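S.K.: pasting the sequence and the predicted model now:
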Amino acid sequence: MSFLHGGRHLLQVRSLLRSVASHPTQSQLKTNFKERLFVRTMATGQSPGHQNRLAQEKSPYLLQHASNPVDWYPWGKEAFDKAKTENKPIFLSVGYSTCHWCHVMERESFENADIGKIMNDNFVCIKVDREERPDVDRVYMTFVQATSGGGGWPMSVWLTPDLKPIVGGTYFPPHDRFGRPGFGTILLSLAKQWREKKSAMEQRSSSILEALVQATSSASEGESLPGNECMEKCYQQLTESYDKRFGGFGDAPKFPQPVNFNFMFRLYGCKPEGHQQGKNGLEMTLHTLRMMAKGGIHDHVSQGFHRYSTDQYWHVPHFEKMLYDQGQLAVSYVDAYQITKEEVFADVAKDIFLYVSRDLSNKNGGFYSAEDADSLQTTDAEHKKEGAFCVWKDAELMELLGDKVEGSDAVTLADVFCRHYGVTKEGNVDFEQDPHGELKSQNVLIVRGSLQDTASQFNLDLAVTERALAKSRQILHDQRQKRPRPHLDDKMLTAWNGLMISGFARGGQVLQDQQYTDRAVQAAEFIRQYLYNPDTKCLLRSAYCDIDGQVTQISEPINGFVDDYAFLIRGLLDLYEASYDQTWLQWACELQQKQDELFWDDTGNSGYFSGAGDDPSILLRLKEDQDGAEPSGNSVSALNLLRLSQFTDNTAWKERAEKIFTAFENRLKKIPMALPEMVSALLLYLSTPKQIIIHGDKEASDTKELLSCIHSQFLPNKVLILSDGDSSSFLSTKLNLLSTLQKKDGKATAYVCENYQCQLPVNTVAELQELLKR
């Protein structure tokens with residue numbers, strides 16, 4: 001949720017917050033708390049095996065805190081009632097299981113018995129997994145961002161018993177330092193203020209909430225449909241932030257931002273020839289993808305991508321791996337291959353699919369959420385370190401890769417590998433990227449040159465060099481499996497699974513590999529079995545694993561949010577165009593109808609709310625208006641609605657997309673780079689989409705040849721339909737045109753249409769290629 005609108009309300013919020021957040025002096029506190037030595041106590045004072053009530057939860061993040069001395073509650077009525085009954089404020093801590101600074105704050109504060117006692121005596125303490133409950137996270141992150149100008153995780157917010165925010169922030173160190181109060185001091189300060197100035201704090205929290213309501217309610221008020229000026233400005237804004245040398249948009253830390261790639265690819269796809277902006281955008285994106293693939297953000301040994309790079313070079317990453325990154329980046333690399341036919345992009349996409357299939361897949365078909373950045377260096381180590389699972393010392397590589405390269409008596413695998421991946425004896429991580437010294441003497445693999453450079457260095461041919469590198473990577477992958485693995489967040493989220501379904505489905509289409517399509521089908525079937533209620537036609541947010549890897553659920557399952565519907569619908573549309581099974585298209589239509597029913601704002605402002613509005617504990621009903629690490633539900637929904645309208649010739653869905661564009665008109669015109677995915681949808685709306693219909697038998701070779709021809713070309717403004725002549729099929733009931741189509745000369749035949757007005761049919765690949773160029 002952004003705050004470009006309602007500025008006067010936010011000034012009121014910040015003014016109110018200053019009066020609440022002021023800290024008394026040490027003399028006022030009358031305590032020697034500042035002098036206490038806070039150390040990690042591992043729940044000192046608790047009985048062996050002590051567990052709080054989070055032990056009954058299934059979220060991996062909540063379970064990580066089940067042994068804390070803090071008397072944690074999950075978000076729910078029991079905690080709210082306790083706060084009201086005991087007249088205590090609430091301390092709300094929001095994070096996720098692979099969050100590095102969440103781990104730090106747990107070690108420093110939540111595992112400390114002294115701090116735990118202060119928390120238990122003065123507050124009702126609630127833990128929330130932001131990935132499980134994004135609605136709770138959005139409400140209080142909105143507050144933190146509005147009052148501090150920033151945000152992040154862990155998020156720490158103090159609330160009144162009726163859940164109104166008092167004061168908040170992110171990570172707090174345990175001690176007072178550098179003139180700033182530590183977590184313990186803040187706890188005592190707020191507890192004292194609550195006892196002495198409770199009425200004033202409650203009044204201020206009510207005023208803060210009222211200001212937030214006013215600020216957020218005005219954020220989606222538009223008057224007219226935006227046009228091409230949004231595309232022009234989005235391109236301009238992204239270009240101004242582009243790093244010409246190393247790729248990427250913005251300074252360090254650098255995030256992948258696949259939504260930017262989607263926009264640039266679509267901009268190119270609209271006018272691939274003779275459109276300078278499109279060509280420039282394509283080159284910026286391809287360069288970024290190449291640099292990312294060569295960088296340390298890419299796991300060269302065990303595949304997949306880490307979350308982001310701490311430097312401008314894509315070298316030293318934050319080492320967690322998130323499913324939503326893998327799903328979106330798979331699509332980006334597949335798109336890049338489809339446009340360029342450069343095998344390097346296909347190889348990276350396959351690399352992602354291998355990682356997800358091997359390390360983030362449940363045996364029943366779902367995809368897990370993430371792997372942690374932190375792990376133990378050795379099985380007997382006491383403390384985890386960031387990147388320990390992924391980095392290498394020079395001596396270790398020399399020992400593991402001591403074999404000679406084939407055909408050489410002098411050059412070892414280590415020689416070739418260390419040269420190619422920038423390994424040095426002293427380690428290749430700068431202090432600026434390792435302020436805590438966790439990566440001292442370690443190497444994060446990065447390719448700064450080329451395969452040709454490495455081969456020339458040792459007078460080897462390219463094929464021998466590539467085989468030496470591949471052999472080395474396999475040796476290191478096998479060695480890595482002997483290390484303690486990072487924590488796996490094995491909850492399965494509908495939204496993120498939807499993004500990964502898109503990745504595998506697009507891979508199946510473009511790479512012409514049935515195994516990827518099959519994997520997407522398996523995941524879709526998983527969601528239909530475990531995360532969908534056929535009676536209510538509603539999605540659930542999350543499913544979990546028990547100790548044996550079997551799928552399980554919490555006692556009160558969490559209903560799906562708009563992202564769950566939108567991302568899954570996108571995945572199902574992509575899956576239909578890969579499998580041609582109309583079951584998935586029909587389900588997408590049904591889910592879209594349910595999404596409209598649950599989340600659409602019918603008060604006149606339009607757009608989709610993030611939540612259904614049926615939970616009284618959620619004080620703000622928000623609309624996401626920023627495409628970040630994940631695209632917003634509104635942006636993806638706009639694209640979905642336009643595609644569905646083309647698949648089914650339903651103008652009502654196109655009109656709903658128009659209302660989304662109008663609702664976010666101000667945002668799109670002022671700062672479109674905040675919504676590049678929605679600008680992509682706008683590009684589709686402003687274009688003339690093609691309906692490409694193949695009339696033929698699904699398994700026939702002539703049909704497959706025509707489908708392969710289509711998938712070989714980057715055609716973002718099209719829908720693809722396979723018609724086999726079955727008049728009872730779902731699409732035949734929606735599109736009267738299908739009943740009129742005939743095979744030409746008894747062969748599979750292609751019809752290329754605009755607004756379902758079709759050009760003359762063709763039945764050869766050469767003829768179809770010519771039609772698609774027009």
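M.R.: Yep, that arrived.
S.K.: could you list the low-pLDDT ranges of this structure?
M.R.: 1-48, 218-221, 272-274 (pLDDT under 70).
S.K.: just give me how far the helix or strand where residue 770 lies sits from the chain centre.
M.R.: Secondary structure assigned from DSSP states H and E places residue 770 in helix 765-773. In terms of Cα atoms, centre = their mean, to the nearest Å, the centre of helix 765-773 is set 37 Å apart from its chain centre.
S.K.: do stretch 240-248 as well
M.R.: Centroid separation for stretch 240-248 versus its chain: 22 Å, with Cα atoms, centre = their mean.
S.K.: same check, this time on stretch 178-196
M.R.: From the chain centre to the centre of stretch 178-196 is a distance of 35 Å (Cα atoms, centre = their mean).
S.K.: how about the contacts made by residue 398?
M.R.: Contacts for residue 398 (Cβ atoms under 8 Å, 6 or more residues apart in numbering) come out as residue 414. Bear in mind the C-beta positions are built from the backbone N, C-alpha and C, glycine included.
S.K.: state the distance from it to residue 413.
M.R.: 10 Å (Cβ to Cβ, to the nearest Å).
S.K.: where's residue 521 relative to residue 681, distance?
M.R.: Distance, residue 521 to residue 681, by Cβ to Cβ: 26 Å.
S.K.: where along the stretch 201-350 of the chain do the helices fall?
M.R.: If DSSP state H, counting those that start in this stretch is used as the criterion, the helices of the stretch 201-350 of the chain fall at 228-240, 258-270, 276-294, 323-340, 343-359.
S.K.: wait, which of these is closest to residue 97?
M.R.: The closest of these to residue 97 is helix 323-340. By Cβ to Cβ, the value is 12.6 Å.
S.K.: now for the closest one, which elements pack on it?
M.R.: On a contact count with 3 or more Cβ pairs under 8 Å, 6 or more residues apart in numbering; DSSP states H and E, helix 323-340 meets helix 258-270, helix 276-294, helix 343-359, helix 494-510.
S.K.: let me know the angle separating the second one from helix 343-359.
M.R.: Between the direction of helix 276-294 and that of helix 343-359, the angle (axes from the mean of the first three to the mean of the last three Cα atoms, to 10 degrees) works out to 50 degrees.
S.K.: mind saving the C-alpha coords of helix 276-294 as CSV?
M.R.: Provided in CSV are the C-alpha atoms of helix 276-294 (Å, rounded to 0.1, in the frame of the first residue of the first chain):
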residue,chain,number,x,y,z
GLN,A,276,13.3,2.2,-30.3
GLN,A,277,11.9,2.2,-26.8
GLY,A,278,10.9,-1.4,-27.2
LYS,A,279,14.4,-2.3,-28.5
ASN,A,280,16.1,-0.4,-25.7
GLY,A,281,13.9,-2.0,-23.1
LEU,A,282,14.6,-5.4,-24.5
GLU,A,283,18.4,-4.8,-24.3
MET,A,284,18.2,-3.5,-20.8
THR,A,285,16.3,-6.5,-19.6
LEU,A,286,18.4,-9.1,-21.5
HIS,A,287,21.6,-7.5,-20.0
THR,A,288,20.1,-7.6,-16.5
LEU,A,289,19.2,-11.3,-16.9
ARG,A,290,22.6,-12.2,-18.2
MET,A,291,24.4,-10.4,-15.3
MET,A,292,22.1,-12.0,-12.8
ALA,A,293,22.8,-15.4,-14.2
LYS,A,294,26.5,-14.8,-13.9
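S.K.: buried residues in it?
M.R.: Residues of helix 276-294 classed as buried: 277-278, 280-282, 284-294 (neighbour count, 16 or more other Cβ atoms under 10 Å).
S.K.: farthest-apart pair in those residues, please.
M.R.: Within these, 277 and 294 form the most distant pair, 26.3 Å apart (Cβ to Cβ).
S.K.: circling back: CA atoms only: put the helix holding residue 770 into CSV for me.
M.R.: Only the C-alpha atoms of helix 765-773 are listed here, as CSV (Å, rounded to 0.1, in the frame of the first residue of the first chain):
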residue,chain,number,x,y,z
VAL,A,765,4.1,-23.8,-40.5
ALA,A,766,5.5,-21.4,-43.2
GLU,A,767,2.1,-19.8,-43.8
LEU,A,768,1.4,-19.5,-40.1
GLN,A,769,4.7,-17.8,-39.5
GLU,A,770,3.8,-15.2,-42.1
LEU,A,771,0.4,-14.6,-40.6
LEU,A,772,1.9,-14.1,-37.1
LYS,A,773,4.3,-11.4,-38.4
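S.K.: mind listing what's buried in that helix?
M.R.: Residues of helix 765-773 classed as buried: 765, 767-768, 771-772 (neighbour count, 16+ other Cβ under 10 Å).
S.K.: and stretch 146-156, by the same measure?
M.R.: Neighbour counts over stretch 146-156 (16+ other Cβ under 10 Å) mark 146-147, 151, 153-156 as buried.
S.K.: of all those residues, which two lie farthest apart?
M.R.: Based on Cβ to Cβ, the longest span within those runs between 146 and 154 and measures 18.3 Å.
S.K.: phi and psi next, for residue 52.
M.R.: phi -90, psi -170 (degrees, to the nearest 10).
S.K.: how about the strands in the stretch 651-774 of the chain?
M.R.: Assigned by DSSP state E, counting those that start in this stretch, the strands in the stretch 651-774 of the chain fall at 690-695, 718-723, 749-754, 757-758.
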